[in-house]
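>>> Fold the following.
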Amino acid sequence: MNTVLHEILEWLYAIVIALAIAMVIHIFFLQPTRVSGESMVPTLHNGEYLIISKMGHIMGDVPNYGDIVIIDSRVGYPRTWKDDVAEPMDNYLALFSSRFQTKNVWVKRVIGRPGDTLAFHDGKVWRNGEALDEPYINEPMTYSRKGEVQVPEGYVFCMGDNRNHSSDSRFIGPVPVDHVLGKVIW
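Residues are numbered from 1 along each chain as shown. Here you go, the predicted structure:
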């Protein structure tokens, strides 16, 4: 009987250690997620699974132009380390349940970095006075806006590739860099 109890305790110990390692990897390095919606068509489609690198988020790096990132769309919400620890459980539930989705986490493309001036007219995005060449968008953009948007220091401007069917920085404003939760790597 003592041998059986010892064997069970060894298994429990191994399981607890494996779960702890998996959580550390998920919180600080890699995170699986699933696309919900059509805002990134034709690049990404509803239901596709993605792997996100979290290193840029942990290091506070500003993503590059064209990077596909996941963002916390609650731009007025002050994020803390508790959010980074709690979100993995929410994300796992979203991966395996069509009824549970994290509505505040969006997949978008980085269009503007700190200090950039953006304009939207003639079916195009203009960055610092030059029209962007965007072969990845679904169709020409119908959105236009008078004036320009200045991307503040510590923020990025993100848009979906399906410009005519995307909620993004045009509506929520620039995204704080600490709300860029990771970069799509696969």
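
>>> how many other residues sit next to residue 172?
Neighbour count for residue 172, taken as other CB atoms under 10 Å: 16. The C-beta positions use only the backbone N, C-alpha and C, and glycine is treated the same way.

>>> what do you get for residue 22?
11.

>>> quick one: the strands in the chain?
Along the chain, the segments classed as strands by DSSP state E run 30-34, 49-53, 68-72, 105-112, 117-121, 124-127, 130-131, 145-150, 155-159, 175-176, 180-184.

>>> and the fifth one, C-alpha only, in CSV?
Read that as strand 117-121. Output of strand 117-121 as CSV, limited to C-alpha atoms (Å, rounded to 0.1, in the frame of the first residue of the first chain):
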residue,chain,number,x,y,z
THR,A,117,1.6,61.1,-38.7
LEU,A,118,-1.2,59.2,-40.4
ALA,A,119,-3.9,60.3,-42.8
PHE,A,120,-6.8,58.4,-44.4
HIS,A,121,-8.1,59.5,-47.8
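
>>> separation between residue 68 and residue 164?
Relative to residue 164, residue 68 is positioned 18 Å away (CB to CB, to the nearest Å).

>>> quick one: which of the two has more around it?
In this view residue 68 and residue 164 are compared by other CB under 10 Å, and residue 68 has more residues nearby, 22 against 13.

>>> how about that one, what does it touch?
Taking CB atoms under 8 Å, 6 or more residues apart in numbering as the contact definition, residue 68 lies against 40, 43, 44, 107, 108, 109, 110, 183, 184.

>>> closest to residue 153 among those residues?
residue 110 (15.4 Å; CB to CB).

>>> Surely the closest one touches residue 61?
No. Using CB atoms under 8 Å as the test, residue 110 is too far from residue 61 to be in contact (11.4 Å).

>>> The two: which has the busier surroundings?
Between residue 110 and residue 61, counted using other CB under 10 Å, residue 110 has the larger neighbour count: 22 against 12.
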